[in-house]
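3D, please:
(4 chains)
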Number of protein chains: 2
Amino acid sequence: MSAKPQPQPQQNHLLAALTPDVQGRLFPYLELVQLPLRALLYESRRPMRHVYFPTDSIVSLQYVMENGASTALSVVGNEGLLGITLFMGGESTPTRSMVQSAGYAYRLPRLRVKEEFNRHGQLLLLMLRYTQALITQISQTAVCNRHHTIDQQLCRWLLLSMDRLSHNHLTMTQEFIGNMLGVRREGVTQAALKLQQQGVISYARGMIKVLDRPKLEALSCECYGVVKKESDLLLNYLPQRQVIVNTDSIPTAELSTIPAAR
Amino acid sequence: MSAKPQPQPQQNHLLAALTPDVQGRLFPYLELVQLPLRALLYESRRPMRHVYFPTDSIVSLQYVMENGASTALSVVGNEGLLGITLFMGGESTPTRSMVQSAGYAYRLPRLRVKEEFNRHGQLLLLMLRYTQALITQISQTAVCNRHHTIDQQLCRWLLLSMDRLSHNHLTMTQEFIGNMLGVRREGVTQAALKLQQQGVISYARGMIKVLDRPKLEALSCECYGVVKKESDLLLNYLPQRQVIVNTDSIPTAELSTIPAAR
DNA sequence: TCCTTTCGGTGCGGTAGCGCGCATATGGTG
DNA sequence: CACCATATGCGCGCTACCGCACCGAAAGGA
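Sure thing, here's the model as predicted:
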């Protein structure tokens, strides 16, 4: 957060994969927004106004139960987008989207998306493909929740998050990870301890560094591999063009934020 | 299975919701197939040739792990269709689809679906809406797997299955349900015993009867309600036309079957 | 500098669900 | 009618995880 980043639409793989003509139509309407940690892009059952394309932020989809406990269903970064409901035909979902790693995203008003969608072109195809990958990820979360230990799930979570970042460290507390996985903080502590003792990660007060990624993958359950493989298969785009865009004074999206994790 | 059923395309809600012109284009290509218990419509990572529209059968999507254990991700009956991957842009998925309650389904060759899909009309919209409902169901499975007891999950499962049948009895053993929920058979036995003692269900050797549905709903976790509500919201179609079609000597789809549950 | 808040580490009793082994009933088949 | 495969019931020890309570250390604000 110290050095000014230089977000550009093409950092998002979906935006980058569009052909110039589609980009020409859409990019003028893109709005760059800053996403602080814990901000909510969508709340459960509230109308959705934009579709978000993360560049260097990570957002997770979660379901919040009646008693307040939550579970993350998937992780979305620069490989994807948020707001699939808008083009799938609904207006809201029972899930919410929370920023899990601060950063930037471009967003497009609902109307523009629907407009472009109705042209039945490239954007439609891309979005559907991405939705398919998302379904795989949610499915695998279900499987993992049923069959695997917290240790394995932590590995999966770290890997999924790392894949969406350009560096090897994550800013999140164990309490936070517990909320994501839907387990106790103490459970995460135990799992993290084991990983640290094995030299796979190191951490301190909300900063986690991955030291040995191959080992992390080995310790993870098959779920990570399945999701990764399927995503790569589905989202194997054209090579991405590089465009340099310098930006300044980017607004923070007017979003509600989760207080402190209780 | 004693009395000959009279399947008709309109028993499937999605087919019924199509306007006559679309029906006119598609129905000539519909093929009625019989789906025996435990038949596999799709196997993991195998090419998919048809889209299936169940009339009175129930099919579940499941993921099979490397060690052979499985978990159901969702239940599909006459409210939906199987093979969303075909129009989402993939050719296969890591999940398989297994018949959970024998019956009939109409199927459409892949090519016809894609053709109609490319017209970007009603079928596209319907399918996307259904996909959204399916995502909700899979998500809720993930939540349920994490947070709820076997007792609650059994209730959810029974309710989801009942909603897709026109009668109040299910033909499935506890062993089978265990495979679906990804839990031990003994766990299901315990849960079923409790339900029977409370007079909510009665069962014997693979035949389960639901005696007190309201109580079943009360004993279920919130997951069932969320899925139901969201589906009703998304799939709230036009009133369905009734057409009587008499059929005879319906072929069984050439499908592989799971041996006996081990 | 002090004080408060946050983060991570630990221990303890309780429980849901697992793996396993075995007993019993029952419906279908020969 | 006899038999057998199948479906269900039950007990036992074990493990992963939970809820709770408490601690110390580090970070950060005043």
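
now do the buried residues in the helix or strand harbouring A:Gln34.
Secondary-structure element containing A:Gln34, defined by DSSP states H and E: strand A:31-35. Taking 16 or more other C-beta atoms under 10 Å in any protein chain shown as the neighbour-count basis, strand A:31-35 is seen to contain the buried residues A:32-35. No exception for glycine: its C-beta is placed from N, CA and C like everyone else's.

stretch A:165-185 now?
A:165, A:170, A:172-183.

is any residue of it near chain B?
Yes - with C-beta under 8 Å from any C-beta of the partner chain as the threshold, stretch A:165-185 lies in contact with chain B, specifically through A:Gly182.

chain center to that stretch, what's the gap?
How far stretch A:165-185 lies from its chain's middle: 13 Å, per C-alpha atoms, centre = their mean, to the nearest Å.

need the contact list for the residue of the stretch 1-150 of chain A found nearest DNA strand D.
Nearest to DNA strand D in the stretch 1-150 of chain A, going by C-beta to the nearest atom of the strand, is A:Thr149, at a distance of 3.6 Å. Contact partners of A:Thr149, counting by C-beta atoms under 8 Å, 6 or more residues apart in numbering or on different chains, are A:Ala191.

need the contact list for the residue most central in space within chain A.
Central residue of chain A (C-alpha atoms, centre = their mean): A:Val76, 2.0 Å from the mean position. If you count contacts by C-beta under 8 Å, 6+ apart, A:Val76 has them with A:54, A:58-61, A:82, A:97, A:134, A:164.

by neighbours, which of those residues wins?
When neighbours are counted as other C-beta atoms under 10 Å in any protein chain shown, the busiest of those turns out to be A:Pro54, with 29 neighbours.

surely that residue and A:Asn12 touch.
Yes - counting by C-beta atoms under 8 Å, A:Pro54 sits close enough to A:Asn12 to count as a contact (6.4 Å).

DNA strand D contacts on the stretch 1-150 of chain A?
A:148-150 (C-beta under 7 Å from any atom of the strand).

now pLDDT too, for those, in a markdown table please.
Compiled in a markdown table, these are given as follows (pLDDT from 0 to 100):
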| residue | pLDDT |
| --- | --- |
| A:His148 | 97 |
| A:Thr149 | 96 |
| A:Ile150 | 97 |
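
and stretch A:173-181 with DNA strand D, contact?
No - counting by C-beta under 7 Å from any atom of the strand, DNA strand D has no neighbours in stretch A:173-181; the shortest distance is 7.8 Å.

who touches that stretch?
Residues outside stretch A:173-181 that contact it (C-beta under 8 Å, 6+ apart) are A:60, A:62, A:70-72, A:100, A:150, A:153-154, A:157, A:184-185, A:187-189, A:192, A:205-206, A:261.

closest to A:Leu123 out of the residues of the stretch 1-150 of chain A next to DNA strand D?
Checking those against A:Leu123 with C-beta to C-beta, the nearest one is A:His148 at 35.7 Å.

how much space between A:Ser139 and chain B?
Computed as C-beta to the nearest C-beta, to the nearest Å, the A:Ser139 to chain B distance reads 5 Å.

that residue and B:Ile135 touch, don't they?
No - if you go by C-beta under 8 Å, A:Ser139 and B:Ile135 don't touch, sitting 9.6 Å apart.

those two: which has the busier surroundings?
Of the pair A:Ser139 and B:Ile135, A:Ser139 is the one with more neighbours under other C-beta under 10 Å, namely 30 against 26.

lovely, talk soon.
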